[in-house]
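Participant: okay, sequence plus prediction incoming.
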Amino acid sequence: MALLEASGLSKTYGQGRSRVEALHGVSLSVWAGEAVAMMGPSGCGKSTLLNLIGLTLPVTSGQLLVRGEPAPTRERDRARLRNEFFGYLHQEFAIVESDTVAANVTIPLEYARPRVGRRQRLERARRAVESVGLGWALRRRAAELSGGERQRVAIARALVNEPHLVIADEPTAALDLATAREIVTLLLSVRQRGASVLVATHDPRVAERCDRVVAMSDGRLADDDSEVLAAGTPVDATPTDPAPTVSGNHGSE
Ligand SMILES: Nc1ncnc2c1ncn2[C@@H]1O[C@H](COP(=O)(O)OP(=O)(O)OP(=O)(O)O)[C@@H](O)[C@H]1O
């Protein structure tokens, strides 16, 4: 059973003259322990698909199964699933600069149900922050950190609830090469515990470190639900990773 299965997802924004059909019947499965990269030109619908799959945007039509169960429609149930199943990593970090690293990282746990007590929240934040090599910065204000360090804080926050699927939208766009490499290594390391990654990226260097690449254009996947590399491919990708499976004519941006 796929960890997540999207079938025929469509999304229309607005109405009348401002109507935009952003996605047209997209189907995609994500399996446990794999990293899937989504590539395509700007405006082709990558963020929209990530938002539908991550339950931060309602679908116009189509079906989304999470561990074989239809995604809930009630906002309360969706919020719970967002907190326990997904981790989110955004391009613009979405870090609260005036808050400490610890406060930033505990945010997802504050909404967790059943509730996670304060002491446990802090302990989990500490572990997550240490896992990205920033143990020394736990009490620092985020504003005092470099861009790459802030992005590591964002990763710690995306992982603090031990999500099954990490959704990352252009996670390296604002980073230099070395930092981007390090961020991708951290991101892909979730496969070590069987979690999966779905990442939208314009960067072929990110895509080639994933297990599979899907190409999107004009709101469609080039080859819906394409071939899947066996789950359990080597974890914590390195430059010597095998070439990813590429579907469609990606890389033409
Ligand atoms: N909130 C919105 N209201 C109306 N149209 C939107 C909205 N969000 C996105 N769109 C439109 O939907 C289409 C897909 O946008 P989306 O952001 O998903 O593309 P993308 O592939 O992620 O682009 P990029 O690579 O530039 O981030 C575009 O035509 C965009 O203008």
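Facilitator: Everything's here; your move. Quick caveat: nothing in here was measured; it's all calculated off a predicted structure. Numbers count the residues shown, from 1 in each chain.

Participant: helices or strands up against the helix or strand hosting residue 214?
Facilitator: Using DSSP states H and E, residue 214 sits in strand 212-217. In terms of contacts (3 or more C-beta pairs under 8 Å, 6 or more residues apart in numbering; DSSP states H and E), strand 212-217 is packed against strand 35-39, strand 245-246. In this view, the C-beta of every residue, glycine as well, is placed from N, C-alpha and C.

Participant: how about a markdown table for those strands, with mean neighbour count and distance to the ligand added?
Facilitator: Below are the helices and strands packed on strand 212-217 laid out as a markdown table (neighbours: other C-beta atoms under 10 Å; distance: least, C-beta to the nearest ligand atom, whole Å):
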| stretch | mean neighbour count | distance to the ligand |
| --- | --- | --- |
| strand 35-39 | 27 | 9 |
| strand 245-246 | 18 | 18 |
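
Participant: out of those strands, flag the one nearest residue 173.
Facilitator: Residue 173 lies closest, by C-beta to C-beta, to one member of the helices and strands packed on strand 212-217: strand 35-39, at 13.1 Å.

Participant: can you name the next helix or strand after the closest one?
Facilitator: Assigned by DSSP H and E, the successor of strand 35-39 is helix 46-53.

Participant: so after that next one, what's the next helix or strand?
Facilitator: strand 61-66.

Participant: could you give the mean pLDDT of that following strand?
Facilitator: Mean pLDDT, computed over strand 61-66, is 96.

Participant: now that strand, how far from the centre of its chain.
Facilitator: Remark: strand 61-66 is offset 18 Å from the chain centroid, using C-alpha atoms, centre = their mean, to the nearest Å.

Participant: strand partners (parallel or antiparallel) of it?
Facilitator: Take DSSP bridges as the rule and strand 61-66 pairs in its sheet with strand 4-13 (antiparallel), strand 69-70 (antiparallel).

Participant: for the ligand, what are the nearby residues on this structure?
Facilitator: The chain comes close to the ligand at residues 13-14, 20, 22, 40, 42-48, as judged by C-beta under 6 Å from any ligand atom.

Participant: related to what we said a few turns ago, rebuild the helices and strands packed on strand 212-217 as TSV, extending it with distance to residue 9 and mean pLDDT.
Facilitator: Below are these laid out as TSV (distance: least, C-beta to C-beta, whole Å; pLDDT from 0 to 100):
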stretch	distance to residue 9	mean pLDDT
strand 35-39	13	98
strand 245-246	21	46
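
Participant: skipping adjacent residues, who's closest to residue 218 in space?
Facilitator: residue 44 (6.0 Å; C-beta to C-beta, 6 or more residues apart in numbering).

Participant: which residues does the one you found contact?
Facilitator: By C-beta atoms under 8 Å, 6 or more residues apart in numbering, residue 44 lies in contact with 216-219.

Participant: run a quick neighbour tally on residue 49.
Facilitator: Residue 49 has 27 neighbours, counted by other C-beta atoms under 10 Å.

Participant: now the helix or strand encompassing residue 124, how far from the centre of its chain.
Facilitator: Secondary structure assignment for residue 124, by DSSP H and E: helix 118-131. Its chain's C-alpha centre and that of helix 118-131 lie 21 Å apart, by C-alpha atoms, centre = their mean.

Participant: buried stuff in that helix?
Facilitator: Buried residues in helix 118-131, counting neighbours by 16 or more other C-beta atoms under 10 Å, are found at 121-122, 124-126, 128-129, 131.

Participant: go on, stretch 65-72?
Facilitator: 65-66, 71.

Participant: follow-up on the earlier one: direction included, what does the strand holding residue 214 pair up with?
Facilitator: strand 35-39 (parallel), strand 220-221 (antiparallel), strand 245-246 (parallel).

Participant: which secondary structure element contains the residue nearest the centre of the chain?
Facilitator: The residue lying closest to the centre of the chain (C-alpha atoms, centre = their mean) is residue 167, at 1.2 Å. In this assignment (DSSP H and E), residue 167 forms part of strand 165-169.
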